[in-house]
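**Student:** predicted structure and sequence below. I'll ask about it afterward.
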Amino acid sequence: MSTAIITSNTSLNHNAGMSEHPEKPERITAIVEILKKNKKLIWKKTKNFDKEILKATHTPDHVDKVNKAFPEKGLHFLDADTIISPGSKDASYDAVGSIITGIDGIENGEFNNFFACVRPPGHHATKDTSMGFCIFNSISCGAMYLLKKYKYKKILILDFDIHHGNGTADIFYNNESVCYISLHQYPFYPGISGSAENRGLYNNCLNIPLPAGTGSREYFDAFEHALKKIKEFKPEYVLTSAGFDANFQDPIGQFNLQSKDFYEITKRILVYAKKYCNGKVGSILEGGYNLFQTAESANEHVNALLEFN
């Protein structure tokens, strides 16, 4: 039984703007520092991948537009929140490559599950728009890779970042092979996309909107609806958008979860992953902006991956 951590040095080279910007390189170093203490983990670097998966996930025009926007010096704004620098191209490509590296590792029997500790995050990037700190939608590229490369028919994406992953919901809105579940603060960024009425074309989207101030008890009561949807869908593979900004000390999110709650969230997911898909779980970092609490929460998430795989 083994868990891999997928990383890339290029994650540290993406400059999202001013030094006080919450999506900063120190998010990665804080998590890596605490995970390095666990000697049971397997460490892997992101490998190169076929870039055509980007154009299968996003529109080709969007990929071309972003590639042309990467600056040789200085900063460029893709939107008011999403800033790119000379180091952003390699970082964003390696973020996508990390989840593909992890998937190949599971399929090749190198490890049982993985956590991709990379940045920038991805779940707000839609088919044709970069937004919300997100350039490419890494987890959606992973799901598309599973469909195209390994011919899986039922992929579950469970998103526990405090923000609704509108990009992931957009990309798979009309794809019955992918079920998207999101628990998130509502109303909150990015807006109305996270309403319960948005169910996907094939009832393949479950939004669980929760109010600001939601604590552990209320969250886990709501989480039962996610587990019921997993039982109905019976996935062949599980991917998680692992955002830790629902922690009570996060400077952006307004939930009141404890770091240990991310262990419980992950454990509950893994119970069903073991039942339906032999424990095949890939996870990637999304949000989480208090450095200490994000690292602590990520460590709880990885401990559960390690203990219940």
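**Tutor:** Here it is on my side, so go on.

**Student:** need the three-state assignment for Tyr289.
**Tutor:** Under DSSP: H, G, I helix; E, B strand; the rest coil, Tyr289 falls in the coil class.

**Student:** surely it is in contact with Pro251?
**Tutor:** Yes: under the criterion of C-beta atoms under 8 Å, Tyr289 makes contact with Pro251 at 5.5 Å. Any C-beta I mention is one placed from the backbone N, CA and C, and that applies to glycine too.

**Student:** overlap in contacts of the two?
**Tutor:** Pro22 (C-beta atoms under 8 Å, 6 or more residues apart in numbering).

**Student:** quick one: which of these two has more around it?
**Tutor:** A count of neighbours by other C-beta atoms under 10 Å puts Tyr289 above the other of Tyr289 and Pro251, at 21 against 9.

**Student:** contacting residues for the more buried one?
**Tutor:** Tyr289 touches 22-23, 27, 245, 250-252, counting by C-beta under 8 Å, 6+ apart.

**Student:** low-confidence regions, this protein specifically.
**Tutor:** For the chain, the stretches with pLDDT under 70 are 1.

**Student:** all helices of it, in order?
**Tutor:** Ranges of helices in the chain, per DSSP state H, are 26-35, 52-57, 60-69, 88-107, 138-148, 166-171, 216-233, 261-277, 291-307.

**Student:** for those helices, give me a markdown table that also has distance to Pro187 and mean neighbour count.
**Tutor:** Formatted as a markdown table, those follow (distance: least, C-beta to C-beta, whole Å; neighbours: other C-beta atoms under 10 Å):
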| stretch | distance to Pro187 | mean neighbour count |
| --- | --- | --- |
| helix 26-35 | 26 | 18 |
| helix 52-57 | 28 | 18 |
| helix 60-69 | 27 | 14 |
| helix 88-107 | 28 | 24 |
| helix 138-148 | 23 | 26 |
| helix 166-171 | 13 | 26 |
| helix 216-233 | 16 | 15 |
| helix 261-277 | 23 | 20 |
| helix 291-307 | 24 | 22 |
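
**Student:** indicate which one of those helices is closest to Lys127.
**Tutor:** With C-beta to C-beta, the closest approach to Lys127 among the helices of the chain belongs to helix 166-171: 5.6 Å.

**Student:** next, name the residue at the spatial heart of the chain.
**Tutor:** Ser241 (2.6 Å; C-alpha atoms, centre = their mean).

**Student:** who wins for neighbours among the contacts of Tyr289?
**Tutor:** Top of the contacts of Tyr289 by neighbour count (other C-beta under 10 Å): Asp245, with 28 neighbours.

**Student:** same list (the helices of the chain) but as CSV, adding distance to Arg199.
**Tutor:** Converted to CSV, the helices of the chain look like this (distance: least, C-beta to C-beta, whole Å):
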stretch, distance to Arg199
helix 26-35, 32
helix 52-57, 21
helix 60-69, 25
helix 88-107, 26
helix 138-148, 18
helix 166-171, 10
helix 216-233, 11
helix 261-277, 20
helix 291-307, 27
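
**Student:** pop out the phi and psi values for the closest residue to Val178 other than its chain neighbours.
**Tutor:** Nearest residue to Val178 in three dimensions, chain neighbours excluded: Phe172, at 4.0 Å (C-beta to C-beta, 6 or more residues apart in numbering). For Phe172, the backbone dihedrals are phi -110, psi 20 (criterion: degrees, to the nearest 10).

**Student:** would you mind measuring from Phe172 to Gly105?
**Tutor:** The gap separating Phe172 from Gly105 is 23 Å, by C-beta to C-beta, to the nearest Å.
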